[in-house]
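Visitor: Predicted model and sequence follow; I will ask about them next.
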Amino acid sequence: EAKKRGRGRYQLFSDTMDDIVKQRQSVEADLRKALASGGELELVYQPLHSAEGVLTGVEALLRWNHPVHRSISPSFLITIAEECGLIAQIGDWVLDEACRTATRIPVPWIAVNVSPVQLRDRNFANRCLGIIAQHNIDPRRIQVEITEAVVIDDPEIAGATLRQLRAAGVRVALDDFGTGYSSMSYLRDYPLDRLKIDRFFVQALCEGEEGRAIVAAVIEMARALKLEVTAEGVETAEQHAMLRDMGCNEMQGYLFSRPLTAAVLAERFFPTNAEQRA
Ligand code: C2E
Ligand code: MG
Ligand code: MG
Ligand code: MG
C-alpha cells in the first residue's frame, strides 16, 4: 500500500522506529544541502481567479526536486523543516524567490505560506519587510497565508506581527479555514484581509444541502467582516457556478489551473511581457 502511494517519495516503508529515524535524518541532511545550493528548491505558482475568470493573484507553492526521491510532498518537507529548525531559512528562501518573481512578472500579487513556527519569531515582520525592501517591490503585492494554528498558538505575538506587516501594506490570508479548532470570536478582531475556505468544504458543496449551507454561511460571515473570500480546490464547473452564485469573489483550483512554473505563468498570462524580456 505504502509502495503504491509513495513511489519515489519518502514513505514509511518499514514499521521500525529505527528506520523512521534514519529516514528523517537523511531527509534533514539532504534539505540542508538543498538550502545551501538552492538548486533543488523551486516555487510553482497557482493562479487565483475572480468568479468571472480574471487572474487576481497567485499562490507560491514549494517544490523540492530531490535528485533521488524526485518530488517530495511539501507538507512532509515543511514538517521536517519545522522539526529540525530549518523552517525560518526555508521561509526566507521562499519569500526572496517570490519577490524575485514579482519583479519579473507583473502578477498583481503573490501569496506565500507561512508556518506557525515562523510566526513565533518576534522578528518575523522585520525579516519579511527587509526581504521585500531588498527587491524594491510594493509590499501590497505580497500576501502571507497563515493557518488557524497560528491564532490558537499565541494570538498575542502573532497578532502584533501581523499588524506590523499589514501596516506596511502586506496582506494577510487565513488559509484552510474551517479545518482548525479555532473559535469564531477571534475573527472579528484579528488582522486579516482574506479567508480561504478549505477544499474539504468545497468538495462537500455538491454532496447535499448541509454542505451548501456551511459554505454560504462562511461567505456571508466573511462579507459581514469585510474580508475577501477565496474558495480553494475548485475542481468542477458545478462547484464554480454554485460558488459564484453564492457571491464568492475568488477561486483557486484545478478547474482553473494547476500550479505553474514561473516561466509558464509568464507565458500564459503575460505573453507580451515575456517577449519583451526574451
Ligand atoms: P495550501 O497552502 O492549502 O495549498 C493548497 C494545496 O492544494 C497545494 O498543495 C495545491 O497544489 C493543492 N491544490 C490546489 N488546487 C487543488 C485542487 O483543485 N484539488 C486538489 N486536490 N488540490 C489542489 P501542495 O502544493 O501539495 O501544498 C500542500 C501544503 O503544503 C500547502 O497547502 C501548504 O500548507 C504547504 N506548503 C506549500 N508550500 C509551502 C511553503 O513555501 N511554506 C510553507 N510553510 N508551507 C507550504
Ligand atoms: Mg496556502
Ligand atoms: Mg490552502
Ligand atoms: Mg489546503
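Guide: Everything's here; your move. Ligands and ions are numbered 1, 2, ... in the order given.

Visitor: From now on I want contacts and neighbour counts done on CA atoms only, so please keep to that.
Guide: Fine.

Visitor: For the nearest residue in space to His135 that is not next to it in sequence, what are phi and psi?
Guide: Of all residues not flanking His135 in the chain, Cys99 sits nearest, at 6.4 Å (CA to CA, 6 or more residues apart in numbering). When read as degrees, to the nearest 10, the backbone of Cys99 gives phi -60, psi -40.

Visitor: surely Lys196 meets Val234?
Guide: No - applying CA atoms under 8 Å as the test, Lys196 and Val234 come out as separate, 11.8 Å apart.

Visitor: State the distance from Ile214 to Asp175.
Guide: Per CA to CA, to the nearest Å, Ile214 is found 17 Å from Asp175.

Visitor: who has more neighbours, those two?
Guide: Legend: neighbour count by other CA atoms under 10 Å for Ile214 and Asp175, higher for Asp175 (22 against 16).

Visitor: hang on, that one is in a strand, isn't it?
Guide: Yes - assessed by DSSP: H, G, I helix; E, B strand; the rest coil, Asp175 belongs to a strand.

Visitor: ok, now which ones touch it?
Guide: Contacts for Asp175 were tallied using CA atoms under 8 Å, 6 or more residues apart in numbering; they are 145-148, 195-198.

Visitor: could those residues go into CSV alongside distance to ligand 1 and pLDDT?
Guide: Output for the contacts of Asp175, formatted as CSV (distance: CA to the nearest ligand atom, whole Å; pLDDT from 0 to 100):
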residue, distance to ligand 1, pLDDT
Glu145, 7, 98
Ile146, 8, 95
Thr147, 8, 92
Glu148, 11, 87
Leu195, 12, 95
Lys196, 9, 96
Ile197, 9, 95
Asp198, 7, 95
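
Visitor: Would you format those residues as TSV with neighbour count included?
Guide: Output for the contacts of Asp175, formatted as TSV (neighbours: other CA atoms under 10 Å):
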residue	neighbour count
Glu145	20
Ile146	23
Thr147	21
Glu148	19
Leu195	23
Lys196	23
Ile197	23
Asp198	20
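
Visitor: Give me the subset of those that lies in strands.
Guide: 145-146, 195-197 (DSSP state E).

Visitor: In CSV, list the residues you listed along with distance to Ile157.
Guide: Output for the ones in strands among the contacts of Asp175, formatted as CSV (distance: CA to CA, whole Å):
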residue, distance to Ile157
Glu145, 16
Ile146, 14
Leu195, 20
Lys196, 22
Ile197, 24
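
Visitor: ok, those vs ligand 3, which is closest?
Guide: Nearest to ligand 3 out of these is Lys196 (CA to the ion; 6.5 Å).

Visitor: Now do the same contact list for that closest one.
Guide: So Lys196 contacts 173-177, 229-232 (CA under 8 Å, 6+ apart).

Visitor: Give me the buried entries from the residues you listed.
Guide: Taking 16 or more other CA atoms under 10 Å as the criterion, what is buried in those is 173-177, 229-232.

Visitor: got the buried residues for stretch 210-220?
Guide: Buried-residue list, stretch 210-220, by 16+ other CA under 10 Å: 211-212, 214-216, 218-220.

Visitor: Repeat that for stretch 166-175.
Guide: 166, 169-175.

Visitor: again with stretch 51-60
Guide: 51, 55, 57-60.

Visitor: now, which of those sits nearest ligand 3?
Guide: Nearest to ligand 3 among the buried residues of stretch 51-60 is Glu59, at 9.2 Å by CA to the ion.

Visitor: What does the closest one show for phi and psi?
Guide: phi -110, psi 130.

Visitor: my read: it touches Val114, true?
Guide: No - look at Glu59 against Val114 with CA under 8 Å: they stay out of range, at 11.7 Å.

Visitor: hang on, the earlier thing: the buried residues of stretch 210-220 also near ligand 3: which ones?
Guide: Among the buried residues of stretch 210-220, proximity to ligand 3 is found for none (CA under 5 Å from the ion).

Visitor: Could you dump the residues you listed into CSV with distance to ligand 1 added?
Guide: Supplementary listing: the buried residues of stretch 210-220 in CSV, determined by distance: CA to the nearest ligand atom, whole Å:
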residue, distance to ligand 1
Gly211, 17
Arg212, 18
Ile214, 19
Val215, 16
Ala216, 19
Val218, 17
Ile219, 18
Glu220, 21
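
Visitor: Show only the entries of the residues you listed found in helices.
Guide: Judged by DSSP state H, helices contain the following of those: 211-212, 214-216, 218-220.

Visitor: Right, I'll call it a day here.
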